[in-house]
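Visitor: Provided below for reference: sequence and predicted model.
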Amino acid sequence: AVFIGIGLPDAKPDAVFNGLNTSNGFYTSKSFLPEVSKASKPGMCGCKSSLPQLKGGRVVVLGAGDTAFDCATGSFRSGASKVYVAFRRSFPEMRAVPEEVDLAKNERCEFLPYCLPKKVITKDGHIVALEFYKQNKTNKVNIKLTLILSFV
């Protein structure tokens, strides 16, 4: 048997992120991980790339699968000072393998279970905060940040 796992060709961001792109501080795994990968392996691909500049930034990663955790740890390597991992489900329902979750915990990611993106707050064309619905869609959580990485 042969398995070819190529993933989805395009990201499918939630409607709350319509109109946002990397110049606003919104990335998908398709735009963020290749940049991190090229810069993390100098000499292997012949690239002269540098890591995305997140120095001191606060990042929210949406999702709780392996790709989301790759982006969370990649955010720290890119200089983020704080990384939140927000996801719709509970901890036992996370799709990531335990090793990915443990690595994110060891790097001091903060976990936000039962969170659904509600509203992106921008100032002068840049993302400054993301408001979430919490579990029952009546409680709200507001996180100040500089970058959103979406993997849902």
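Guide: Received, thanks.
Visitor: list the contacts of the residue lying closest to Glu35 once chain neighbours are set aside.
Guide: Take Glu35 and drop its neighbours on the chain: the residue closest to it by Cβ to Cβ, 6 or more residues apart in numbering is Pro52, 5.2 Å away. No exception for glycine: its C-beta is placed from N, CA and C like everyone else's. Shown here is Pro52, whose contacts under the criterion Cβ atoms under 8 Å, 6 or more residues apart in numbering are 27, 32, 35-36, 39, 78.
Visitor: for this protein, what spans make up the helices?
Guide: Secondary structure of the chain (DSSP state H): helices located at 29-40, 66-77, 98-106.
Visitor: CSV for those helices, including mean pLDDT, distance to Val120 and mean neighbour count?
Guide: As requested, these are arranged in CSV below (pLDDT from 0 to 100; distance: least, Cβ to Cβ, whole Å; neighbours: other Cβ atoms under 10 Å):
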stretch, mean pLDDT, distance to Val120, mean neighbour count
helix 29-40, 81, 16, 17
helix 66-77, 90, 18, 22
helix 98-106, 92, 23, 14
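Visitor: those: which one's closest to Val60?
Guide: Each of the helices of the chain was checked against Val60 via Cβ to Cβ, and the shortest separation belongs to helix 66-77, namely 9.6 Å.
Visitor: where does the prediction get shaky in this structure?
Guide: Per-residue confidence for the chain (pLDDT under 70) gives these ranges: 1-9, 40-49, 136-152.
Visitor: swap in 90 and give it another go.
Guide: Applying pLDDT under 90 to the predicted model, the residue ranges of the chain that meet it are 1-15, 21-58, 67, 74, 76-80, 88-95, 114-119, 121, 126-152.
Visitor: residue boundaries of the strands in it?
Guide: Chain-ordered strands for the chain, with DSSP state E as the definition, fall at 26-28, 58-62, 82-86, 110-112, 115-123, 126-134, 139-144, 147-150.
Visitor: make CSV from the ones you listed and add distance to Val16 to it.
Guide: Written out in CSV, the entries for the strands of the chain read as follows (distance: least, Cβ to Cβ, whole Å):
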stretch, distance to Val16
strand 26-28, 10
strand 58-62, 10
strand 82-86, 12
strand 110-112, 16
strand 115-123, 5
strand 126-134, 9
strand 139-144, 14
strand 147-150, 10
